[in-house]
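1. from the sequence below, what's the structure:
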Amino acid sequence: MITARPGSLASLVLLAACGGTTPAPSAPPPATESPPASTPQIPDWSALESGKACAKAQSRCGGGVCDVRVKNDCDAPVHCDLAISATCQGGEGGGSVASGGDRGTIGAHESGEIDAQASCTSGPIVHTEVQQLLCR
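-> Numbering: from 1, shown residues only. Sure, this is the predicted structure:
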């Protein structure tokens, strides 16, 4: 048995070990939310040649999809053909390329969108781009 004299270090240790007040429970650390690693970045719009001086175009591609905005400042409607490609990560045989496309008509002095999709069957998509936009 340990005996302690009042005021000694041993009595302080015994008091601390044998009771005293219970510390207040601490609050759990705040949860930090981080986006999932697989969340794709949304690309910026970039200028795109339309093939017609009075029709201005912009594109945004990613994940096998390309969105194209066309602002038609022409005095007549324009008919646009969009061709895209997606590079696919391959398995044993290496990578492959998938293609897609769409077409649309934009009225005179109007704006519109043309969207196209390319799907990979050999693996995940690693890059998507516009091959050609041709407005007539």
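
2. touching stretch 112-123 from outside, list them.
-> 64-70, 72, 80, 82-86, 88-91, 93, 95-96, 98-106, 125, 128, 133 (Cβ atoms under 8 Å, 6 or more residues apart in numbering). C-beta coordinates here come from the backbone N, C-alpha and C atoms, glycine included.

3. tell me the helix or strand right after the worst-scoring helix or strand of the chain on mean pLDDT.
-> Scoring the helices and strands of the chain by mean pLDDT, DSSP states H and E places helix 9-18 at the bottom, with a mean of 45. As assigned by DSSP states H and E, the chain's next helix or strand after helix 9-18 is strand 46-48.

4. that next one: which residues count as buried?
-> For strand 46-48, the neighbour count (16 or more other Cβ atoms under 10 Å) marks residue 48 as buried.

5. same deal with stretch 89-108?
-> Neighbour-count burial for stretch 89-108 [16+ other Cβ under 10 Å]: 98, 100-102, 104, 106.

6. and which of the residues you listed is nearest residue 43?
-> For the buried residues of stretch 89-108, the residue nearest residue 43 by Cβ to Cβ is residue 100; the value is 16.9 Å.

7. what sits opposite that closest one in the beta ladder?
-> residue 84 (DSSP bridges).

8. doesn't residue 84 make contact with it?
-> Yes: here residue 100 reaches residue 84: they are 5.2 Å apart, a contact under Cβ atoms under 8 Å.

9. could you list the low-confidence segments of this structure?
-> Along the chain, segments meeting pLDDT under 70 span 1-42, 91-93.
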